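[1] whatever this is, show me its structure:
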Amino acid sequence: MNYKELNLIGSSSPHIRTKDGAGHIMGEVLIAMALPLAFAVYNFGPRALATAAVSAAGCCAFEWLYRAALRKDNTLGDLSAAVTGVLIAFVCPVTIPYWILLIGDFFAIVFVKQLFGGIGKNFLNPALAARAFMLSWAGEMTTWVGPRTAAPIVGAFDAATYPTPMALLHENNLEGLSQMYDLPEMLVGLTGGSMGEVSALLLVLGGLFLIFRKVITWYIPVSYIGTVAALTFLFPRGNDPVQWMLYNLLGGGLMLGAFFMATDYVTSPVSHKGQVIFGVGCGLITVFIRYFGSYSEGVCYAILVMNLTVWLIDKNIRPNRFGVVKAAKSEKKEAAGK
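    The predicted structure is shown next:
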């Protein structure tokens with residue numbers, strides 16, 4: 001065979017490509033978040049939909065304005081800004097004032113994402129970084145409404161803060177928690193809390209959809225949730241370790257963080273072993289903050305802290321290169337001596 005007739009083209013890696021670009025992947029993530037968003041509307045009223053829409057629109061607007069001002073290509077088609085906007089809304093109370101929400105959008109898009117080069121260049125999860133920044137308005141960020149309470153779309157919501165499951169867990173009040181919320185209600189999401197994190201069932205279904213569609217892998221969610229389950233079962237703060245563990249798994253932002261935040265391509269390790277280490281680290285820090293911190297929830301800060309270690313994990317946990325034989329220890333020492 002004359003290989004010159006094959007018209008082979010030499011090019012740099014990657015040599016295997018797929019038609020599924022960033023826009024397709026982010027579109028799948030938006031589909032996975034549709035059911036939790038629909039439940040938020042059911043649980044907290046139409047303001048939940050308005051909050052998600054305002055946040056997504058704000059993120060898209062800030063990204064377009066930034067790139068237009070610097071005469072860069074328009075990247076709204078990758079849908080990453082829209083995903084960030086919805087996630088920011090998910091980790092906020094439904095009563096959050098829109099102006100605080102837009103400040104969070106600006107911080108996430110401009111400071112966390114675009115100043116570092118745009119999609120694929122940020123080292124922190126933009127939505128969680130925005131949430132940490134928005135806690136500067138602690139009162140507005142910790143004002144919760146009860147389940148099946150319709151907040152008005154426009155205007156302030158005049159109501160007392162409703163106790164969330166995590167607040168009661170932080171007080172080690174398992175008896176009071178079980179009287180206010182039973183486990184089926186926790187699973188479905190008929191509780192107070194951030195608008196997009198309350199329904200553990202629908203978040204798990206959305207996460208399984210992403211795994212089935214091969215948008216994410218199971219390594220981070222399983223290692224993250226498994227670590228929290230093991231620690232809360234082995235070190236319970238109550239007479240029933242199983243009940244204590246289940247309330248910790250179903251309460252707060254664990255399911256949202258494990259499936260939708262910690263699995264972010266850019267801010268998580270590339271190797272499977274590294275992803276397991278990352279998930280275990282997130283679980284350890286989450287439980288540590290929940291048990292010993294003054295703040296009742298630890299998911300946000302656990303993932304942000306582990307985001308900062310990704311470079312170290314990727315540096316030390318490298319996959320074996322095909323066709324490369326590792327040198328023996330004696331050969332390495334001899335080479336080092338020379």
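
[2] end-to-end on stretch 89-96?
    End-to-end distance of stretch 89-96 (CA to CA, to the nearest Å): 9 Å.

[3] correction: the previous question concerned stretch 264-275.
    Using CA to CA, one end of stretch 264-275 lies 11 Å from the other.

[4] just the buried positions in it, please.
    Using 16 or more other CB atoms under 10 Å as the test for burial, stretch 264-275 gives 264, 266, 267, 268, 269, 274, 275. For glycine as for every other residue, the C-beta is placed from the backbone atoms N, C-alpha and C.

[5] could you do stretch 246-266 as well?
    Using 16+ other CB under 10 Å as the test for burial, stretch 246-266 gives 246-264, 266.

[6] again with stretch 212-226
    In stretch 212-226, counting by 16+ other CB under 10 Å, buried: 215, 216, 218, 219, 220, 221, 223, 224, 225, 226.

[7] give me every residue that touches the second one.
    For residue 216, the contact set (CB atoms under 8 Å, 6 or more residues apart in numbering) comprises 207, 210, 259, 263.

[8] from residue 184, how far off is it?
    27 Å (CB to CB, to the nearest Å).

[9] for residue 116, which residues are in contact?
    By CB under 8 Å, 6+ apart, the contact list for residue 116 reads 122, 123.

[10] and residue 55, what element?
    In the assignment (DSSP states H and E), residue 55 maps to helix 47-69.

[11] low-confidence regions, the stretch 151-300 of the chain specifically.
    Where the stretch 151-300 of the chain drops to pLDDT under 70, the residues are 155-161.

[12] okay, buried residues for the helix or strand following the helix holding residue 55 please.
    With elements assigned by DSSP H and E, the helix or strand that comes after helix 47-69 is helix 80-90. The neighbour-count check on helix 80-90 (16+ other CB under 10 Å) flags 80, 81, 82, 83, 84, 85, 86, 87, 88, 89, 90 as buried.

[13] and which of these is nearest to residue 124?
    Checking the buried residues of helix 80-90 against residue 124 with CB to CB, the nearest one is residue 84 at 11.7 Å.

[14] tell me the SS of residue 105?
    Recorded secondary structure, residue 105: helix (DSSP: H, G, I helix; E, B strand; the rest coil).

[15] what number of residues lie near it?
    Here the count is done by other CB atoms under 10 Å, and residue 105 has 29 residues near it.

[16] just checking, residue 256 touches residue 88?
    No: using CB atoms under 8 Å, residue 256 makes no contact with residue 88, being 11.9 Å away.

[17] the nearest residue to residue 204 once chain neighbours are set aside: what's it in contact with?
    Spatially, and ignoring its direct neighbours in sequence, residue 204 is nearest to residue 255 (5.9 Å; CB to CB, 6 or more residues apart in numbering). Counting by CB under 8 Å, 6+ apart, residue 255 makes contact with 197, 200, 203, 204, 207, 225, 249.

[18] repeat that for residue 254.
    200, 224, 225, 228, 248, 286, 299.

[19] so which of those residues are in helices?
    Counting by DSSP state H, the contacts of residue 254 place 200, 224, 225, 228, 248, 286, 299 in helices.

[20] could you find the closest non-adjacent residue to the third one?
    What that stands for is residue 225. Spatially, and ignoring its direct neighbours in sequence, residue 225 is nearest to residue 258 (5.3 Å; CB to CB, 6+ apart).

[21] so residue 197 sits right up against residue 250, yeah?
    No: shown here, residue 197 and residue 250 do not form a contact pair, counting by CB under 8 Å, at 10.5 Å.

[22] the helices in the stretch 151-300 of the chain, which residues?
    Counting by DSSP state H, counting those that start in this stretch, the stretch 151-300 of the chain has helices at residues 165-170, 174-180, 183-188, 200-212, 219-234, 241-250, 254-256, 272-292, 299-307.

[23] how about the ones you listed in a markdown table, adding distance to residue 55?
    Formatted as a markdown table, those follow (distance: least, CB to CB, whole Å):
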| stretch | distance to residue 55 |
| --- | --- |
| helix 165-170 | 22 |
| helix 174-180 | 29 |
| helix 183-188 | 24 |
| helix 200-212 | 18 |
| helix 219-234 | 24 |
| helix 241-250 | 25 |
| helix 254-256 | 15 |
| helix 272-292 | 24 |
| helix 299-307 | 16 |
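
[24] on that earlier part again, need the contacts of residue 216 in TSV (columns: distance to residue 131).
    Output for the contacts of residue 216, formatted as TSV (distance: CB to CB, whole Å):
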residue	distance to residue 131
207	19
210	21
259	17
263	17
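
[25] which one among those gets closest to residue 70?
    residue 263 (29.7 Å).

[26] from residue 310, how far out is that closest one?
    12 Å.

[27] repeat that for residue 53.
    Between residue 53 and residue 310 the computed distance is 32 Å (CB to CB).
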